[in-house]
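Enquirer: No letters, just coordinates:
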């Protein structure tokens, strides 16, 4: 158990809908990262938050957004969903800084039908 | 841009047959190289962090080594329970205020009894 908690574990939704994925980081970690993993793309970095502030963006679509709350949990919002958004979405957390290991949650498996 | 290439993509071994997985990287100023194990449908599980060329770390049947251009994950006398995908990631220069790990596509290892 990494200490990073993600909900829901699985969800199935229709195209055009909106979903929210939730993440609680490890105790004491201020950094939260979101990654997307699909069969043909591997692990792709989406966005990073540190202590409530957005710090870096990767290949995140405009239809996707995220935030980190004062209690440090984070949410990833996915809207106007398309079939191609079906993937595993991972949250990871770490102590901020160079060389610090990031620890992953078990992921949220999203299927868009 | 940081790049990570893992080889082979897939590897089949007999139980007890030792082998090595390769992770070649290009990074501007290595801050850390990370190895993870990922079981199907699960989150990546942290194995090792290496920081400088010449460094080695061991855990049970696994040993990770690092040079200036690549890292190896040596698996000695593997067992079927070592079957998983092994991911390599590098953390390089600061990107927009963050040190973001870049992941390779992974090596899928199957160990036959």
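Expert: That came through, no problem. In this text the structure is predicted, and so the values were computed from the model without any measurement.
Enquirer: When you work out contacts or count neighbours from here on, use the C-alpha atoms and nothing else.
Expert: Will do.
Enquirer: who's the closest residue to residue A:48 other than its chain neighbours bridged to?
Expert: Nearest non-adjacent residue to residue A:48, counting by CA to CA, 6 or more residues apart in numbering or on different chains: residue A:33, 4.5 Å away. Bridge pairing for residue A:33 (DSSP bridges) gives the partners residue A:48, residue A:92.
Enquirer: Now do residue A:33: how many residues are near it, please.
Expert: By the measure other CA atoms under 10 Å in any protein chain shown, the count of residues near residue A:33 is 26.
Enquirer: how about it, what does it touch?
Expert: Listed by CA atoms under 8 Å, 6 or more residues apart in numbering or on different chains, the contact set of residue A:33 reads A:45, A:46, A:47, A:48, A:49, A:91, A:92, A:93.
Enquirer: what's the neighbour count on the residue lying closest to residue A:12 once chain neighbours are set aside?
Expert: Leaving aside its chain neighbours, residue A:12 sits nearest to residue A:111 (4.7 Å; criterion: CA to CA, 6+ apart). Using other CA under 10 Å, residue A:111 is surrounded by 19 other residues.
Enquirer: who in chain B is up against chain A?
Expert: B:31-32, B:34, B:41-46, B:49, B:51, B:91, B:95-100, B:102-106 (CA under 8 Å from any CA of the partner chain).
Enquirer: Separate out the buried members of those.
Expert: Using 16 or more other CA atoms under 10 Å in any protein chain shown as the burial test, these include B:31-32, B:34, B:42-46, B:49, B:51, B:91, B:98-100, B:102-106 as buried.
Enquirer: so where's the chain shaky on pLDDT?
Expert: Picking chain A for this. A:98 (pLDDT under 70).
Enquirer: again, only using 80
Expert: Scanning chain A for pLDDT under 80 picks out A:39-41, A:96-99.
Enquirer: How about chain B?
Expert: Using pLDDT under 80, chain B drops low at B:94-97.
Enquirer: Which single residue in it comes nearest to chain A?
Expert: Residue of chain B nearest chain A, by CA to the nearest CA: residue B:43 (4.2 Å).
Enquirer: from memory that residue sits against residue A:104, does it?
Expert: Yes: contact criterion CA atoms under 8 Å: residue B:43 and residue A:104 qualify, at 5.8 Å.
Enquirer: and the end-to-end length of stretch A:41-60?
Expert: Using CA to CA, to the nearest Å, the span of stretch A:41-60 from its first residue to its last is 13 Å.
Enquirer: Pull out the buried positions in it.
Expert: For stretch A:41-60, by 16+ other CA under 10 Å, it's A:43-52, A:54-57, A:60.
Enquirer: The closest residue to residue A:68 other than its chain neighbours bridge partners, please.
Expert: Distance criterion CA to CA, 6+ apart; nearest residue to residue A:68, sequence neighbours excluded, is residue A:74 at 4.2 Å. Taking DSSP bridges as the rule, residue A:74 bridges to residue A:23, residue A:68.
Enquirer: Neighbours of residue A:74, how many?
Expert: Residue A:74 has 24 nearby residues by other CA under 10 Å.
Enquirer: That's all I had, so thanks and see you.
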